Structure formats: structure tokens, C-alpha cells
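Novice: predicted model, plus sequence, below.
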Amino acid sequence: MITQGLVAEISGATLWRWLSSDALRPWRHRSWIFPRDPDFAAKAGRILDLYDRVWQGRPLSAREFVISADEKSSIQARRRKQPTLAPAPGRSTRVEHEYFREGAWTYLAAWDVHRAKVFGRCEKRSGIAPVGRLIKEVMSREPYKSARRVFWIMDNCSAHRGQRAVDRLRSQWPNLLLVHTPVHASWLNQIEIYFSIVQRKVLTPNDFQSLNELEQRLLAFQRRYEETASPFQWTFTRKDLATLLTKIENKRFAPAA
């Protein structure tokens with residue numbers, strides 16, 4: 001502006017005010033993922049049915065259960081270089097910006113959708129063996145051990161992806177049915193709601209002296225949460241799914257404004 005002689009001088013605040021009111025703002029963008037699973041609607045629909053206690057058009061019996069499971073990876077234990085100061089009148093909690101890295105856990109958890117029961121464990125990393133230990137922790141106890149069927153809703157992580165994972169788990173636990181979410185549809189998995197609660201109430205701010213302290217905090221919160229937990233009020237239905245997919249499809253082919 002100054003070089004071209006349009007103004008003699010201009011402040012940064014004024015320049016940004018002009019730019020923000022301009023019709024062309026090429027620096028602004030929005031990330032967007034279009035569903036690329038050709039069976040997205042069918043896969044998402046059966047998960048919504050399970051939340052409504054329906055499978056293949058038939059209601060689930062009292063001896064059938066729905067588990068939502070996933071991994072929350074790379075949860076760091078950050079030891080602050082200066083002690084965290086507790087809140088005081090007129091002052092919020094103060095957390096030192098700099099920290100030492102004390103390692104990280106992968107937190108694997110399973111949520112009984114209709115009974116509001118949570119199971120979880122900390123592992124050094126994810127993989128077939130750690131996932132297997134979580135599943136064993138659930139499936140080796142009642143009522144799941146003697147259940148007619150236990151549906152496990154999981155995403156497409158490499159530790160439980162595809163038909164091989166379905167067959168492997170079914171051979172270990174004959175009453176277990178692995179149900180995959182569509183690709184890029186973690187929002188359909190109710191365990192993500194629990195993970196968001198853990199993030200807010202346990203991991204923020206992240207101030208742990210050791211990996212052991214982080215693990216104990218996660219497991220203690222898990223036990224405490226279950227004492228007062230109730231099933232999540234899931235309201236997203238097949239009708240909402242159809243509306244959403246139609247909206248996305250329209251956006252895909254809509255001409256630029």
C-alpha cells in the first residue's frame with residue numbers, strides 16, 4: 001500500500017480491518033472430508049441400529065450387548081519445569097509453559113453403550129496384542145462371557161481392520177461380532193464421547209510427574225466416572241444420516257459461488 005503510493009502510512013490493525021471486510025479472502029479455508037466408503041450409509045446405518053438395540057431388523061435380546069471401543073494414542077506425561085500454582089481469589093490456576101517429557105501411554109477403552117460401563121487400560125503402544133488384552137478383560141467376565149452375542153463397534157485401525165480381524169476375534173470369542181465403522185467416521189463411535197470427557201477432566205492441563213501418575217489418574221477417573229455414569233443420549237438417527245449424506249452430496253457438486 002505504501003510502496004504503490006496509495007497511502008503515506010498505515011497501521012497493521014487498519015490493514016487487517018480492510019482485508020477482513022474484503023470480498024476476496026484467499027487465506028481463509030476450511031478442511032473437508034467427503035465420505036469415500038461406497039457402503040458408508042449401510043455401515044453407518046447398522047451402527048445407529050445397534051445404538052437403538054436393533055440388528056438386521058430385529059430387536060436385541062437382554063443377553064446381547066453393544067460395546068464401543070477405540071484407542072487414544074500418545075497421551076504424554078508432561079512434568080512442568082515449575083510447580084503448578086493452585087487457583088486463588090482473583091487468580092486462575094497457573095501452569096508453567098515449559099515441561100519435561102516423561103513418556104506417553106496409549107489408553108485403550110471400551111464403553112458398554114446401554115449399561116454405561118467403562119473398561120480401560122494403559123499400554124506402551126497399540127497393536128493386535130494390546131487390543132486383545134482389552135477385549136479379554138471385557139469378554140472374560142459376566143455378563144459378556146455367557147452372552148448370546150456381544151457387538152464390538154471399532155474403527156479401521158490396523159490392529160482391528162478388515163475381515164481378518166473379524167475372523168481372528170470370532171475364533172477367540174465365538175459370541176463376539178466385530179462391527180467396523182465406515183472410514184472417516186469416528187464421530188459414530190460413542191467411545192469418542194468418553195475420550196472427550198477424559199481430555200477435559202483428566203488431561204487438561206497436562207501436568208504429571210511420571211507415567212505412573214498419569215496411568216493412576218486415568219484409571220481412577222474411569223472408576224469414579226462409572227459410579228455415576230448413564231448411557232449417552234444418542235439422538236442421531238438413520239433419518240439424520242440420510243439428510244447429512246444428501247447435504248454432503250449436494251456440496252460436492254455445487255458450483256462455486
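Specialist: Arrived safely. Numbers count the residues shown, from 1 in each chain.
Novice: state the distance from the closest residue in space to residue 8 that isn't next to it in sequence to residue 14.
Specialist: Spatial nearest neighbour of residue 8, chain neighbours left out: residue 2 (7.3 Å); criterion: Cβ to Cβ, 6 or more residues apart in numbering. Bear in mind the C-beta positions are built from the backbone N, C-alpha and C, glycine included. Per Cβ to Cβ, to the nearest Å, residue 2 is found 12 Å from residue 14.
Novice: among those two, which residue is more densely surrounded?
Specialist: A count of neighbours by other Cβ atoms under 10 Å puts residue 14 above the other of residue 2 and residue 14, at 12 against 9.
Novice: and residue 239, helix, strand or coil?
Specialist: What DSSP: H, G, I helix; E, B strand; the rest coil gives for residue 239 is helix.
Novice: that one: how many residues sit nearby?
Specialist: Using other Cβ under 10 Å, residue 239 is surrounded by 9 other residues.
Novice: likewise residue 210?
Specialist: 12.
Novice: kindly provide the distance from the closest residue to it other than its chain neighbours to residue 213.
Specialist: Nearest residue to residue 210, sequence neighbours excluded (Cβ to Cβ, 6+ apart): residue 102, at 5.5 Å. Distance, residue 102 to residue 213, using Cβ to Cβ: 9 Å.
Novice: find the residues that touch each one of those two.
Specialist: Counting by Cβ atoms under 8 Å, 6 or more residues apart in numbering, the shared contacts of residue 102 and residue 213 are residue 77.
Novice: follow-up on the earlier one: which residues touch the residue nearest to residue 8?
Specialist: So residue 2 contacts 8, 9, 10 (Cβ under 8 Å, 6+ apart).
Novice: where does it fall, phi/psi-wise?
Specialist: Phi and psi for residue 2, reported as degrees, to the nearest 10, are phi -70, psi -40.
Novice: just checking, what packs against the longest helix anywhere in the chain?
Specialist: In the chain, taking DSSP state H as the definition, the longest helix is helix 211-228. Contacts defined by 3 or more Cβ pairs under 8 Å, 6 or more residues apart in numbering; DSSP states H and E place helix 211-228 against strand 64-80, strand 99-112, strand 117-123, helix 191-201.
Novice: between the third one and strand 99-112, how big is the angle?
Specialist: Put simply, strand 117-123 runs at 140 degrees to strand 99-112, going by axes from the mean of the first three to the mean of the last three Cα atoms, to 10 degrees.
Novice: alpha carbons only: can I get strand 117-123 in PDB?
Specialist: Only the C-alpha atoms of strand 117-123 are listed here, as PDB (Å, rounded to 0.1, in the frame of the first residue of the first chain):
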ATOM      1  CA  LYS A 117     -19.900 -49.500  32.000                       C
ATOM      2  CA  VAL A 118     -16.300 -48.500  31.000                       C
ATOM      3  CA  PHE A 119     -13.200 -50.600  30.800                       C
ATOM      4  CA  GLY A 120      -9.700 -49.300  30.100                       C
ATOM      5  CA  ARG A 121      -6.000 -50.000  30.300                       C
ATOM      6  CA  CYS A 122      -2.800 -48.200  29.500                       C
ATOM      7  CA  GLU A 123      -0.300 -49.700  27.100                       C
END
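Novice: next structured bit after it?
Specialist: The C-terminal neighbour of strand 117-123 among helices and strands, as given by DSSP states H and E, is helix 128-139.
Novice: mean confidence score for that following helix?
Specialist: Here helix 128-139 scores 97 as its mean pLDDT.
Novice: same for the next helix or strand after that helix, what does it pack against?
Specialist: Per DSSP H and E, the first helix or strand lying C-terminal to helix 128-139 is strand 149-154. Contact partners of strand 149-154 among helices and strands, from 3+ Cβ pairs under 8 Å, 6+ apart: helix 40-51, strand 64-80, helix 128-139, strand 176-180.
Novice: mind checking the helices and strands packed on helix 211-228 for the one nearest to residue 144?
Specialist: When those are compared by Cβ to Cβ, strand 64-80 sits nearest residue 144, at 6.1 Å.
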